[in-house]
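Build me a model:
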Amino acid sequence: MTEMTVLELFKEEHFPGSTISIIYDTYSSAWRIPLVILKYAVEHGYFGVVSNYNVPIRAFIRKGKSVGLEVENALEEGRMAIIDLFGTRYGSKEDLSNVFYLDKVEPETINPKIERIYSGPLKEKLSTMPTIRIIFTLDGASIMLGEESTLKLLNQTLAYRGLQLPNSTLVITLNSDVVSKRFVAWTAGISDYVIRADSHFGKDGLREYLYLVSAPHEEFEPTAYSFKVTGEKGIEKLKVKKISP
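Coordinates of the predicted model:
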């Protein structure tokens, strides 16, 4: 079997309205997959919206650079926006174009406050461009808000955005080692695409495997792949090779 890029696991025609979950363990490199998806999307006419719960904004910018995503350029050019919940909660705010902050991050009011950003400064972009939304990361949200609150808020978001932006794509990033099995199961259950990535240490070093567990097309069958980060750039950086069935 020949190698292919991780993006070839997806069919773009199935993106509109889909929820994609990337679920991985502590040492996996699969956290880069949503960033590769975002890079491809903003370079092909999508508007990207990142809800950042996980890292300071400068750290997110560096993570983007690891796959060739120039976050600051995309922000400045109006091809993406970041709602920085991490910076709001911990006071690490940056004065950057199209980066938005709330006054507080609390479960009772977070969704209405995010909605004001969607229906305010982002309204024109969201109404005129196909949209891809990234939760980076759902485990970060669970630490900030609690698992029960995070799942309730996620369900509210799915229901409301399904009416407001029915053709948008939602990409969820989740480190399964941070949350409960119940939390992982719920996340997988509400998703159209489910990718599971696992890392293994052996005599020959770190090996990673990626499992395409679910996909929203009739000819789909669960498939296992070897997965690696290469020295190549951009979307060529993440490669998979089919190992089963």
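
Helix or strand for residue 64, just tell me which one.
Take DSSP states H and E as the rule and residue 64 turns out to sit in helix 57-65.

In that helix, which residues are buried?
Applying a neighbour-count criterion of 16 or more other C-beta atoms under 10 Å, one finds 57, 60-61, 63-64 buried in helix 57-65. Bear in mind the C-beta positions are built from the backbone N, C-alpha and C, glycine included.

And it, what does it pack against?
In terms of contacts (3 or more C-beta pairs under 8 Å, 6 or more residues apart in numbering; DSSP states H and E), helix 57-65 is packed against helix 33-42, helix 71-76, strand 80-84.

next one: it to chain centre, how far?
14 Å (C-alpha atoms, centre = their mean, to the nearest Å).

Alpha carbons only: can I get that helix in CSV?
The C-alpha trace of helix 57-65 is given here as CSV (Å, rounded to 0.1, in the frame of the first residue of the first chain):
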residue,chain,number,x,y,z
ILE,A,57,-2.6,32.4,21.5
ARG,A,58,1.1,32.6,20.8
ALA,A,59,1.4,28.8,21.4
PHE,A,60,-1.5,28.2,19.1
ILE,A,61,0.3,30.3,16.4
ARG,A,62,3.4,28.1,16.9
LYS,A,63,1.4,24.9,16.6
GLY,A,64,-0.1,26.2,13.4
LYS,A,65,3.4,26.9,12.0
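
quick one, strands of the protein?
Listed in chain order, the strands of the chain (DSSP state E) span 3-5, 19-24, 47-52, 80-84, 99-100, 131-136, 169-175, 193-202, 205-214, 223-229, 238-244.

Residue 88 and residue 14: what is the separation?
Going from residue 88 to residue 14 by C-beta to C-beta, to the nearest Å gives 33 Å.

Between these two, tell me which one has more neighbours.
Ranked by neighbour count (other C-beta atoms under 10 Å), residue 88 and residue 14 place residue 88 first, with 21 against 16.

Verify the contact between that one and residue 101 for me.
Yes. Between residue 88 and residue 101 there is a contact at 4.7 Å, judged by C-beta atoms under 8 Å.

Can you pull the poorly scored residue ranges out of this structure?
1, 245 (pLDDT under 70).

Distance check, the residue lying farthest from the centre of the chain against residue 227.
Farthest-out residue of the chain from its mean C-alpha position, per C-alpha atoms, centre = their mean: residue 203, at 32.0 Å. According to C-beta to C-beta, residue 203 stands 19 Å off from residue 227.

What is the end-to-end distance of stretch 112-132?
Using C-alpha to C-alpha, to the nearest Å, the end-to-end distance of stretch 112-132 comes to 20 Å.

Give the buried residues for it.
Buried residues in stretch 112-132 (16+ other C-beta under 10 Å): 113-114, 117-118, 122, 125-126, 129-132.

out of these, what pair is the most spread apart?
Spanning the widest gap among the buried residues of stretch 112-132 are 113 and 130, at 24.6 Å by C-beta to C-beta.

mind checking how far residue 211 is from residue 30?
In this view, residue 211 and residue 30 are 11 Å apart by C-beta to C-beta.

list the residues that contact both of the two?
Common neighbours of residue 211 and residue 30, using C-beta atoms under 8 Å, 6 or more residues apart in numbering, are 195, 197.

who's more crowded, those two?
Using other C-beta under 10 Å, the more surrounded residue of residue 211 and residue 30 is residue 30, with 24 against 17.

Thought residue 89 was touching residue 101, still the case?
No. Using C-beta under 8 Å, residue 101 makes no contact with residue 89, being 9.8 Å away.

Which one of the two is surrounded by more residues?
Set residue 101 next to residue 89 and count neighbours by other C-beta under 10 Å: residue 101 wins out with 19 against 16.

residues contacting that one?
With contacts defined as C-beta under 8 Å, 6+ apart, the neighbours of residue 101 are 83-84, 87-88, 93.
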